[in-house]
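Visitor: Give the three-dimensional model of this entry:
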Amino acid sequence: MPPKKKSKKSTTPKAKKKPVDPLEHLAEVREKAVKVLVKSEKNKNVNYDIEQNIREIRAILATNTEIFDRCMDYLKEGEDHGSNNQYTFVRVNFNTIHSIPQDKEDNETLAQLVAIPSRTESEFDMSSLIDPPIGIDDIIVIKHFSESYDHEKFIDYTKFFESAMLLHDDVLEPILAKLKDKLMDIQVCLGNIDAWVMEPQKCIDFLKDTFEESSEPIVSSVKKYGECPNCTCDYPNIEFTSDYGELSAYCSGCSEYSHVHDLKKFEFVCSKYEAYFDIREEKDQKRLIKLLELLEMEEAENKAS
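Guide: Residues are numbered from 1 along each chain as shown. Below you'll find the predicted structure:
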């Protein structure tokens, strides 16, 4: 009789039997989830204290929301945002003030101080607000902002946090640790954007302090309506003209006109003071203050005589 052929062993792995007991099944599913979360954790010194992590996450979320809302006011409108997770932000700079003399009748001169705001743009990578934490998106359904087209790619981490807290402590511990790390990465991203958009604030504060209430409507109107030149040429190219019935700035570099904003006028002066001030520089701030004092004194003397 020919020898019996040995039966080949099947190479297909046998499916692991699911526990019959419901509680055992529940424990096994949670154990798998924890293993995935812990395995993807790069930092070995992880704090899994639930109470401390909840406290810290709430504080980070509050800070991130405040910075996010402030930054979104400067998000460029009218473009397809989010190409390669790059978003364009626009800020208005108030870097320069010009003193312009204008001849009047009776040999008098009108001294006019004006500001010419400029607009600059910069792109920022916002992947940290779009890409979910590794390993968590298989456990919790990711929800996004829905109230704005510009925001629809961003993950709503407040809702994510609330959903996570419904989980059992065994799974919640590693999820909160990963969530906290992710929120800190987001805070770094938002902090970089915030620092850039708020950079002109020092000049704006100087305008408010120096010209008191007169600068406030200027700052508000320019931010709201974007009434500022697109010109990126240097300011020495700027010339002032009244060709259209009101004072405007003409750039010989790009042949464009832009509006100027009155800060202060001195009507009773005889001297002609034509000057340019870069108020980002402390020395120019001091020069401007001295000129204001001089114009105020000359105006007061001429009014009295």
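
Visitor: And the pLDDT for the nearest residue to residue 285 once chain neighbours are set aside?
Guide: Ranked by C-beta to C-beta, 6 or more residues apart in numbering and with sequence neighbours excluded, the top spatial neighbour of residue 285 is residue 279, at 5.4 Å. (Each C-beta comes from the backbone N, C-alpha and C, glycine too.) Here the pLDDT value assigned to residue 279 is 90.

Visitor: Let me see the contact set for residue 279.
Guide: Contacts for residue 279 (C-beta atoms under 8 Å, 6 or more residues apart in numbering) come out as 94, 95, 96, 97, 203, 206, 207, 285, 288.

Visitor: Now the last one: phi and psi?
Guide: Dihedral angles of residue 288 (phi, psi; degrees, to the nearest 10) stand at phi -60, psi -40.

Visitor: I'd guessed it sits against residue 207; true?
Guide: No. Under the criterion of C-beta atoms under 8 Å, residue 288 is not in contact with residue 207, lying 10.2 Å apart.

Visitor: which ones among the contacts of residue 279 are found in helices?
Guide: 203, 206, 207, 285, 288 (DSSP state H).

Visitor: How about the second one, nearest residue that isn't a chain neighbour?
Guide: Same thing as residue 206. residue 279 (5.5 Å).

Visitor: just the first one next, same as before
Guide: Leaving aside its chain neighbours, residue 203 sits nearest to residue 94 (4.6 Å; criterion: C-beta to C-beta, 6+ apart).

Visitor: Among the contacts of residue 279, pick out the one closest to residue 273, please.
Guide: residue 288 (10.9 Å; C-beta to C-beta).

Visitor: Contacts only, for the closest residue to the closest one other than its chain neighbours.
Guide: Spatial nearest neighbour of residue 288, excluding adjacent residues (C-beta to C-beta, 6+ apart): residue 277 at 4.6 Å. Listed by C-beta under 8 Å, 6+ apart, the contact partners of residue 277 are 96, 97, 98, 99, 284, 285, 287, 288.

Visitor: If we ignore the residues flanking it in sequence, what's nearest the second one?
Guide: It stands for residue 97. residue 277 (4.6 Å).

Visitor: what about residue 281, distance to residue 209?
Guide: From residue 281 across to residue 209, the span is 16 Å (C-beta to C-beta, to the nearest Å).

Visitor: Just the buried ones from the contacts of residue 279, in ChimeraX syntax?
Guide: Selection command for ChimeraX covering only the buried members of these, criterion 16 or more other C-beta atoms under 10 Å:
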select :94,95,96,97,203,206,207,285,288
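
Visitor: Next, residue 278: phi, psi?
Guide: The phi and psi torsions at residue 278 (degrees, to the nearest 10) take the values phi -100, psi 100.

Visitor: Look at the nearest residue to it once chain neighbours are set aside and say how many residues are nearby.
Guide: Setting aside the residues directly before and after it, residue 278 is nearest to residue 284 in space (C-beta to C-beta, 6+ apart), at 4.9 Å. Neighbours of residue 284 under the rule other C-beta atoms under 10 Å: 17.

Visitor: follow-up on the earlier one: secondary structure element holding the residue nearest to residue 97?
Guide: Under the criterion of DSSP states H and E, residue 277 resides in strand 275-278.

Visitor: and what of residue 131?
Guide: Going by DSSP H and E, residue 131 is not in any helix or strand.

Visitor: quick one, what contacts it?
Guide: Residue 131 touches residue 85, counting by C-beta under 8 Å, 6+ apart.

Visitor: let's see 10 Å
Guide: Residues in contact with residue 131 (C-beta atoms under 10 Å, 6 or more residues apart in numbering) are 85, 137, 153, 155, 182, 185.

Visitor: Now do the same contact list for residue 162.
Guide: 143, 156.
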